[in-house]
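Trainee: Here is my input; please provide its structure:
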Amino acid sequence: MEAKKKYLVCERRSVFALLTLSAGMMGAYTFNLRGGVFCNAQTANVVLMAIAFGSGEWGQGCYYLIPITAYLAGAFLSEILPSPVRRFGFLRWDTYLVAFEFLALFSIGFIPLGWPHQLVQVLVNFIASMQYNTFRQAEGIPMATTFCTNHVRQGGIHLYHFLSKKDSPFLRRSLKHLGMLAMFVLGGVIGVFCCNAFAGRAIWFAALPMLFLFLNLLRADLTTEK
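Mentor: Residues are numbered from 1 along each chain as shown. The predicted structure is shown next:
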């Protein structure tokens with residue numbers, strides 16, 4: 001109840017947990033069925049681009065500029081769009097974004113596996129970037145929803161401070177980050193099972209949390225947080 005009084009719906013940990021669950025499924029989907037890559041972040045693409053350039057494979061190296069540019073464009077637009085959306089005054093930017101993510105993931109399910117994987121990869125890069133740049137803090141704690149590195153780091157940092165200072169807030173914060181890490185892993189596990197059972201349609205299971213979140217955010221925008 002305390003979190004509901006203090007934080008907007010879009011800032012609650014339950015929302016971040018579902019976003020992270022969906023991101024885990026997206027990662028499993030693109031790796032298993034869409035080219036063997038992870039599209040939720042860009043570190044791997046930058047490293048592969050550097051390896052290609054270092055090996056003299058300039059064409060292959062330039063290819064990685066496509067997903068990197070898509071990720072950059074997602075961050076760029078997610079900085080531009082909130083202001084006009086706010087002036088419009090109907091729904092929050094967060095709500096529109098989750099609706100867009102749902103539609104994008106749902107649409108991906110109709111793209112045949114035989115089509116170029118780059119189409120799906122770029123789309124997932126784009127929405128992952130927008131999500132990462134929009135949902136930044138869960139109940140006052142900086143968190144990322146599309147990848148795990150920071151959760152592992154923060155979990156370790158706060159666990160150390162708890163053990164050294166015996167201060168329970170550090171333990172709670174560590175457990176919150178490790179909980180998000182667990183949600184990502186769970187999403188990945190579910191994603192693998194769905195890929196094996198439903199092939200290209202498996203991405204729809206990653207869209208389901210988005211649909212639930214959209215309805216929840218929409219209700220808040222129109223009623224309790226209007």
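Trainee: okay, and the helix or strand of this structure with the least pLDDT?
Mentor: The helix or strand of the chain with the poorest confidence is helix 2-6; it has a mean of 53 (mean pLDDT, DSSP states H and E).
Trainee: next SSE after that helix?
Mentor: helix 13-33 (DSSP states H and E).
Trainee: buried ones in that following helix?
Mentor: 13, 15-33 (16 or more other Cβ atoms under 10 Å). In short, each C-beta sits where N, CA and C put it, glycine included.
Trainee: what's the very next helix or strand once past that helix packed up against?
Mentor: Using DSSP H and E, the helix or strand that follows helix 13-33 in sequence is helix 43-54. The contact analysis (3 or more Cβ pairs under 8 Å, 6 or more residues apart in numbering; DSSP states H and E) places helix 43-54 against helix 58-63, helix 65-80.
Trainee: Please convert these to CSV, extending it with mean neighbour count and mean pLDDT.
Mentor: Converted to CSV, these look like this (neighbours: other Cβ atoms under 10 Å; pLDDT from 0 to 100):
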stretch, mean neighbour count, mean pLDDT
helix 58-63, 12, 90
helix 65-80, 16, 93
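Trainee: and Ser107, which of those is closest to it?
Mentor: Checking the helices and strands packed on helix 43-54 against Ser107 by Cβ to Cβ gives helix 65-80 as the closest, at 15.6 Å.
Trainee: Give the helix, strand or coil label for the most centrally placed residue in the chain.
Mentor: For the chain, the residue nearest the mean C-alpha position is Thr146 (3.0 Å; Cα atoms, centre = their mean). Here Thr146 is recorded as coil under DSSP: H, G, I helix; E, B strand; the rest coil.
Trainee: from memory it sits against Phe126, does it?
Mentor: No - using Cβ atoms under 8 Å as the test, Thr146 is too far from Phe126 to be in contact (11.7 Å).
Trainee: Endpoints of stretch 106-122, how far apart?
Mentor: 15 Å (Cα to Cα, to the nearest Å).
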